[in-house]
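>>> give me coordinates for this.
(one chain, ligands or ions: 1)
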Amino acid sequence: MEEKVVYDFDTPISRLGTYAEKYDARERFFGKADVEPFWVADMDLPSPAFLTEQLRERIGHPMYGYTEQYDEVFESIQWWMQHEHQAAVDPAWISLSPSVVTTISLAIQSFTQEGESVAVLSPVYGPFFSCTKFNKRKVADIPLKVENGKFEIDFQSLENALAQPEVKLMLMCNPQNPGGRAWSFQCLEKVVELCLKHQVILLSDEIHCDIVYAPATHQSVLNIPAADEISVVAHSIGKTFNTSGLQSSFTFIKNSQLRSKFRLAQNRAHAGDINLFGKVALSAVLSPAGSEFKKQLVVYLQENTRQVCERLQQIEGLGVMQPEATFLVWSDFRAFGDWQTVFKKLIHEANVALSGGTFFGPAGEGWFRVNCAHPRSQLLPAVERMVSVF
Ligand SMILES: Cc1ncc(COP(=O)(O)O)c(C=O)c1O
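Numbers count the residues shown, from 1 in each chain. Coordinates of the predicted model:
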């Protein structure tokens, strides 16, 4: 019997010299090149060694030319979705995509016209806004409500927005970044029902869906039959396996007309493929070995987020959302002055770089997001510094 691998997430590994954005962009975004970075959502935790080995094996062959979209890639995706998310997917529904943001942008181009609107529930991952604006569409921004420390959807406001004839697409972050909300099946069913009623296409961005903390569970829009004719579901290995730089994402579209429209936009942009190493990575990690890695990772991240929330909650006046999913902790600093003052204090007094709330839309102003996917020996002292400054 093979020995079970126990993953080490505790030992810090320097990323200096790798051009990691989280480190190398510190001067540009925070004006301080040595501030400790807990912002951009990738992990300072290593990908599994078996992935590195499989990439190394492929690198050993010295030709990196054009590569087929081979069956194993699609079979691995199919296996993962069934095994991890109880979603039976037909490989014909899958389009490979360099990134989820590429998929979002191409979906906007496929399903809306210039001047029309895209509905988003905010605060939410910044490119939901920026992709819409770059494509000359308008954002129909529906702020989420906070109830009992969690984001909830204001369904009346959502319906009012979807009922506007110029709203043609809704972008749903499921699970939700930055609030870490794992939307329930009933809640998603209601969203689908409203999209159907008002003939709005629904894009469910499920990039964070593998990192969910029990008793919460991920509910994929793939498992809502009523959504079959109107939905696009986007996923990636980027978050779960810390491979965002490999740019390997995949999108499911069940309806053949929507799929054709989306693939036409992919062909126009020549953006319907991923690179060779992305393919190797996809089939390596969407596997039983990847599932074991993910299981251990989720245990580590759950404890990190729990400890960070527990400690930050001790700061009087600070509000934190205990995430049900994601390695991110959304924190309300509005009691400590305007966001620019808090931003400076975080950087210059606590020596931590967090994601500023306005990246997530106007509703995020005054909030900051802590990335907890770090070894505890990096993360917890940074939290202690925040506690002593605030
Ligand atoms: C909700 C969400 N979607 C998409 C992305 C980016 O995905 P990709 O790198 O595949 O474009 C992120 C990254 O933080 C995210 O949080």
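>>> would you mark the buried spots in the longest helix anywhere in the chain?
In terms of residue count, the longest helix belonging to the chain (DSSP state H) is helix 288-312. The neighbour-count check on helix 288-312 (16 or more other CB atoms under 10 Å) flags 289-290, 292-294, 296-298, 300-302, 304-305, 308-309, 312 as buried. Bear in mind the C-beta positions are built from the backbone N, C-alpha and C, glycine included.
>>> what does the stretch 151-300 of the chain have sitting close to the ligand?
Proximity of the stretch 151-300 of the chain to the ligand, by CB under 6 Å from any ligand atom, involves residues 173, 177, 205, 207, 236, 238, 244, 249.
>>> those residues in helices, which ones?
Short answer: those in helices (DSSP H) are residue 238.
>>> all helices for this structure, in order.
Under DSSP H, the chain gives helices at 21-24, 26-30, 49-59, 71-85, 100-111, 127-134, 155-162, 185-197, 238-241, 256-269, 276-285, 288-312, 339-348, 376-389.
>>> now do the longest helix of the chain: everything it contacts.
Here helix 288-312 makes contact (CB atoms under 8 Å, 6 or more residues apart in numbering) with 4-7, 9, 45, 48, 50-51, 80, 83-84, 180, 210-213, 240-241, 284-285, 318, 320-323, 327, 329, 331, 370, 372-374, 376, 379-380, 383-384, 386-387.
>>> pLDDT of it, averaged?
The pLDDT scores in helix 288-312 average 98.
>>> follow-up on the earlier one: nearest to residue 337, of the buried residues of helix 288-312?
residue 312 (17.2 Å; CB to CB).
>>> so how far is the ligand from that closest one?
21 Å (CB to the nearest ligand atom, to the nearest Å).
>>> just how off-centre is stretch 125-133 within its chain?
Using CA atoms, centre = their mean, to the nearest Å, the mean C-alpha position of stretch 125-133 is found 13 Å from that of the whole chain.
>>> and the ligand, is that stretch touching that?
Yes. Stretch 125-133 is in contact with the ligand by CB under 6 Å from any ligand atom, via residue 125.
>>> how near is residue 294 to the ligand?
From residue 294 across to the ligand, the span is 17 Å (CB to the nearest ligand atom).
>>> that residue and residue 230, how far apart?
Using CB to CB, to the nearest Å, residue 294 is found at 29 Å from residue 230.
>>> could you do residue 369 as well?
The gap separating residue 369 from residue 230 is 30 Å, by CB to CB.
>>> of the two, which one has the most company?
Under the criterion of other CB atoms under 10 Å, the comparison of residue 369 against residue 230 puts residue 369 first, with 27 against 21.
>>> skipping adjacent residues, who's closest to the more buried one in space?
residue 355 (4.1 Å; CB to CB, 6 or more residues apart in numbering).
>>> that neighbour against residue 178, yeah?
Yes. Taking CB atoms under 8 Å as the definition, residue 355 is a contact partner of residue 178 at 7.3 Å.
>>> comparing these two, which residue is more hemmed in?
Set residue 355 next to residue 178 and count neighbours by other CB under 10 Å: residue 178 wins out with 29 against 23.
>>> ok, now which ones touch that one?
123-125, 326, 328, 330, 355, 357, 360, 364, 367, 369.
>>> how about CSV for the residues of the stretch 151-300 of the chain next to the ligand, with neighbour count and pLDDT added?
Rendered in CSV, the data for these read as follows (neighbours: other CB atoms under 10 Å; pLDDT from 0 to 100):
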residue, neighbour count, pLDDT
173, 25, 98
177, 27, 98
205, 28, 99
207, 26, 98
236, 30, 98
238, 23, 98
244, 20, 98
249, 24, 98
